[in-house]
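Participant: What follows is a protein structure lacking sequence information:
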Ligand SMILES: Nc1ncnc2c1ncn2[C@@H]1O[C@H](COP(=O)(O)OP(=O)(O)OP(=O)(O)O)[C@@H](O)[C@H]1O
Ligand SMILES: [Mg+2]
């Protein structure tokens, strides 16, 4: 479903992503781990066609991110942690509906889908409130619902649970698990090992723009003598206390 081939991004003389390659199969939840500045967001932004690669490419649901960005965009749902990109003056419902219209959904389809998503994310109570007046977690949930209103095959989620409270995190986790059941393909970045272990089939560890490990979590663990994912991570990216 996702094939990444020698993907690189340089910002001036900063090599943010250095020729990474990996695949994610249909129905797989793939976790991207890496320390701050490792290149996770840059990778996801290239896959989302928000950023043009310096070299290399990727195909998403068969479409090339460089040659067919429009096709890619209609196949994906994206959520980038920090910026929800909601229109403050519109209500939650209106924000979601607007995105549905941009994706050529009918009014009836949008209405039905909003009902469904409001239930999944426990946000029925504030659907008619203006987005600008909501708390950070509430905004994040609306942004999530908006990103997937068109029921995309692929989801790219950059730190989808960062800054959320326990129950909001649980909602997002349940949602990702339900996506997997429906056969959706998900890539998400995270700093939480337990989150990744709970949700992912496979993981990739990225360090200074390079993919230093990729594979099934159990296989990776057995390759490292059954250490915890956290210990393996620290080993691969280096323990700062020893630098
Ligand atoms: N627009 C940009 N211009 C210049 N440098 C950038 C830009 N975006 C990212 N970088 C640099 O690219 C590198 C990778 O950044 P990126 O945001 O992809 O890391 P990350 O793994 O998402 O980190 P974090 O966990 O902190 O979100 C960093 O050195 C960063 O400073
Ligand atoms: Mg990031």
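Facilitator: Received, thanks. The structure displayed is predicted, hence computed values, not measured ones. Ligands and ions are numbered 1, 2, ... in the order given.
Participant: Close to ligand 2: what parts of the chain are there?
Facilitator: Residues of the chain found near ligand 2 (C-beta under 5 Å from the ion) are 40-41. Yep, even glycine has a C-beta here, placed from its N, CA and C like the rest.
Participant: Show residues contacting the lengthiest helix in the chain.
Facilitator: Using DSSP state H, we find that the single longest helix of the chain is helix 166-181. Outside helix 166-181, the residues that touch it by C-beta atoms under 8 Å, 6 or more residues apart in numbering are 27-29, 120-122, 137, 140-141, 144, 155, 157, 160-161, 164, 186, 188, 195, 198-199, 201.
Participant: hmm, try it at 10 Å
Facilitator: 27-29, 77, 79, 117, 120-123, 135-138, 140-141, 144-145, 148, 152, 154-155, 157, 160-165, 184-186, 188, 192, 195, 198-201 (C-beta atoms under 10 Å, 6 or more residues apart in numbering).
Participant: Averaged pLDDT, the next helix-or-strand element following that helix. What do you get?
Facilitator: Downstream of helix 166-181, the first helix or strand assigned by DSSP states H and E is strand 185-190. For strand 185-190, mean pLDDT is 95.
Participant: where in the protein is pLDDT low?
Facilitator: Applying pLDDT under 70 to the chain picks out residues 82-83, 239-243.
Participant: give the contact list for residue 238.
Facilitator: Neighbours of residue 238 in contact, by C-beta under 10 Å, 6+ apart: 35, 207-208.
Participant: Buried subset of the contacts of helix 166-181 as a ChimeraX selection?
Facilitator: What follows is the ChimeraX syntax selecting those of the contacts of helix 166-181 that are buried according to 16 or more other C-beta atoms under 10 Å:
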select :27,28,29,77,79,117,120,121,123,137,138,140,141,144,145,148,152,154,155,157,160,161,164,184,185,186,188,192,195,199,200,201
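Participant: and the end-to-end length of stretch 31-41?
Facilitator: Using C-alpha to C-alpha, to the nearest Å, the end-to-end distance of stretch 31-41 comes to 12 Å.
Participant: just to revisit the earlier point, next step: the contacts of helix 166-181 restricted to helices.
Facilitator: Per DSSP H, those map to helices at 117, 120, 136-138, 140-141, 144-145, 195, 198-199.
Participant: sorry, back to before: please identify which of the contacts of residue 238 is nearest to residue 89.
Facilitator: residue 35 (37.4 Å; C-beta to C-beta).
Participant: Run a quick neighbour tally on the closest one.
Facilitator: By other C-beta atoms under 10 Å, the residues close to residue 35 number 16.
Participant: just use 34 as the starting number from now, easier for me
Facilitator: Okay, using 34 as the starting number, the last item reads as residue 68.
Participant: Geometrically speaking, which residue is the centre of this protein?
Facilitator: Central residue of the chain (C-alpha atoms, centre = their mean): residue 190, 1.3 Å from the mean position.
Participant: Roughly how far does the residue lying closest to that residue once chain neighbours are set aside sit from ligand 1?
Facilitator: Spatial nearest neighbour of residue 190, excluding adjacent residues (C-beta to C-beta, 6 or more residues apart in numbering): residue 221 at 3.9 Å. According to C-beta to the nearest ligand atom, to the nearest Å, residue 221 stands 12 Å off from ligand 1.
Participant: My guess is residue 221 contacts residue 61. True?
Facilitator: No: using C-beta atoms under 10 Å, residue 221 makes no contact with residue 61, being 11.5 Å away.
Participant: Touching both of those two, which residues are there?
Facilitator: Common neighbours of residue 221 and residue 61 (C-beta under 10 Å, 6+ apart) are residue 233.
Participant: got the contact list for the residue in the chain positioned nearest to ligand 2?
Facilitator: Nearest residue of the chain to ligand 2: residue 74, at 3.2 Å (C-beta to the ion). Residue 74 is in contact with 49-50, 65, 67, 83-84, 113-115, 191-192, 222, counting by C-beta under 10 Å, 6+ apart.
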